[in-house]
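sequence first, then the predicted structure:
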Amino acid sequence: MRGRQVCWSDPKLRALAKQFIPAADEVWRLQHRKDLDCLFFQGFSEEGHYGGRSQPSSTRQGIYCCSPSGRFLGSVNTTDPRRMERMLRDALAKWKALPAKDRLLDYDPAARRDRIQRRAALYPKDGLALRVYSRDMPRPKVPADWRATAWNVDSFWVRKSEARTLLPARLGKGQATAWPAALAQRLVRHGFVDNVRGQTNGYRAAEVQIARIETTVLSIRGDLVAVRFDGTSRATTTGTWPKKGRYAGMAEHGPNSRGVQTRMVGTATFDRASGRFTAFELVAVGTRWGQTRYNFRQGDLDESPIGFALILDPEDPGNRVAPAEIGAYGW
């Protein structure tokens, strides 16, 4: 995401991008699965900037241009707007030179869509789908580069059968209840993670020291129930993992500690008629420390302020991104 932020703010790139159909996906699945869309990606990505490469990294992360038929047109992995511009211009020239017969597949891919299994199919249409935004909060010393304004986004999903358990069994003004331990822990383990600058993994259940969230009914008007959220969280772990990110010092291991602790407040509205939340806002502010392999916290290991904001997903069928760690949900 970091590279996209840097590059796509450039006006020349934004103009060029209008001549392409953009799509984004999680690269690990595309590299390893045998679904049709994965095989499609594997076909052209091996001609790109990481083609055939297994060391120092086997990733195929980057920006690729290809025809609908899967013909490779260009690729790059950069945050430099000019390098990106050159790649797009070269790819566009190759597309224009491509014979019409080579531009499209010889079959309709929509007819084979049922052969593709994606985690997005687990989207809780009748439950609670939230966007989780993370960012560093203001502090005295801020790096004078992209890190000063970095932010990230993930998802947090709750099934319909679980969503109702976030409210008191008896709905009356002043009634309160604690979130079920499993749901509170799910949010702390997989939602409140230090992914502000890059990719990171969550926490195991045993690494969560505090996961308390309470719901209090503020008012009831017809079928609409207004509630308030209050809570605290803390998750931390120690161990040995690479101290440096990306490709430098991958073999360098040593004792490490990382964690996140927060204080939460929020409000929501639950519609008893539909059994769904029609509004939901939860803010968590606290501190983070330590680093993981790819979250770009080198030299920034001490405690510093971090914030999270959870809001309702806009329910755009074309933009349903599963939580990064949905594999740990047990769904």
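Looks like it arrived, so ask away. Every value quoted in this text rests on a predicted model; they were computed, and no experiment measured them.

same question for the helix ranked longest in the chain, mean pLDDT?
For the chain, the longest helix by residue count, based on DSSP state H, is helix 81-97. Averaged across helix 81-97, pLDDT comes to 96.

the helix or strand just after it packs against which elements?
Per DSSP states H and E, helix 81-97 leads on to strand 128-136 as the next helix or strand towards the C-terminus. Packing partners of strand 128-136 (3 or more Cβ pairs under 8 Å, 6 or more residues apart in numbering; DSSP states H and E): strand 151-158, strand 276-289, strand 304-312. Placement of C-beta: from N, CA and C, glycine included.

any idea which residue is closest to the centre of the protein?
Centroid check for the chain by Cα atoms, centre = their mean gives D154 as the closest residue, at 3.0 Å.

residues in contact with that one?
131-132, 134, 190-191, 195, 323-324 (Cβ atoms under 8 Å, 6 or more residues apart in numbering).

looking at the residues you listed, which one is closest to P99?
A324 (40.3 Å; Cβ to Cβ).

correct me, but that closest one touches H190?
Yes - when contacts are counted by Cβ atoms under 8 Å, A324 is listed as touching H190 (7.4 Å).

and these two? Which one has more around it.
Set A324 next to H190 and count neighbours by other Cβ atoms under 10 Å: H190 wins out with 24 against 21.

what are the phi and psi values at the more buried one?
In terms of degrees, to the nearest 10, the main-chain angles of H190 are phi -120, psi -20.

what sits against it?
H190 neighbours (Cβ under 8 Å, 6+ apart): 154, 156, 202-203, 323-325, 328-329.

and M137, by the same measure?
M137 makes contact with 285, 305-307 under the criterion Cβ under 8 Å, 6+ apart.

selection in PyMOL covering whichever of those are buried, please.
Typed into PyMOL, the line below selects the buried ones among those, using 16 or more other Cβ atoms under 10 Å:
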select buried, resi 306+307
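
I'd like the contacts of M137 as CSV, with pLDDT and distance to R139 appended.
Listed next are the contacts of M137 as CSV, based on pLDDT from 0 to 100; distance: Cβ to Cβ, whole Å:
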residue, pLDDT, distance to R139
V285, 98, 12
P305, 98, 6
I306, 98, 10
G307, 98, 11
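
go through stretch 149-158 and flag the buried ones.
Within stretch 149-158, the residues that count as buried by 16+ other Cβ under 10 Å are 150-152, 154-158.

now for those, which pair is the farthest apart?
Checking the buried residues of stretch 149-158 with Cβ to Cβ, the most distant pair is A150 and V158, at 27.2 Å.

follow-up on the earlier one: quick one: contacts of the longest helix of the chain?
Taking Cβ under 8 Å, 6+ apart as the rule, helix 81-97 contacts 6-7, 10, 12-13, 16-17, 19-20, 63, 65, 67, 73-76, 78, 103.

just those: which are in strands?
63, 65, 73-76 (DSSP state E).

so where's the chain uncertain?
For the chain, the stretches with pLDDT under 70 are 1-8, 55-57, 241-254.

domains of it: list them as residue ranges, please.
2-115, 121-328 (automatic domain parsing).
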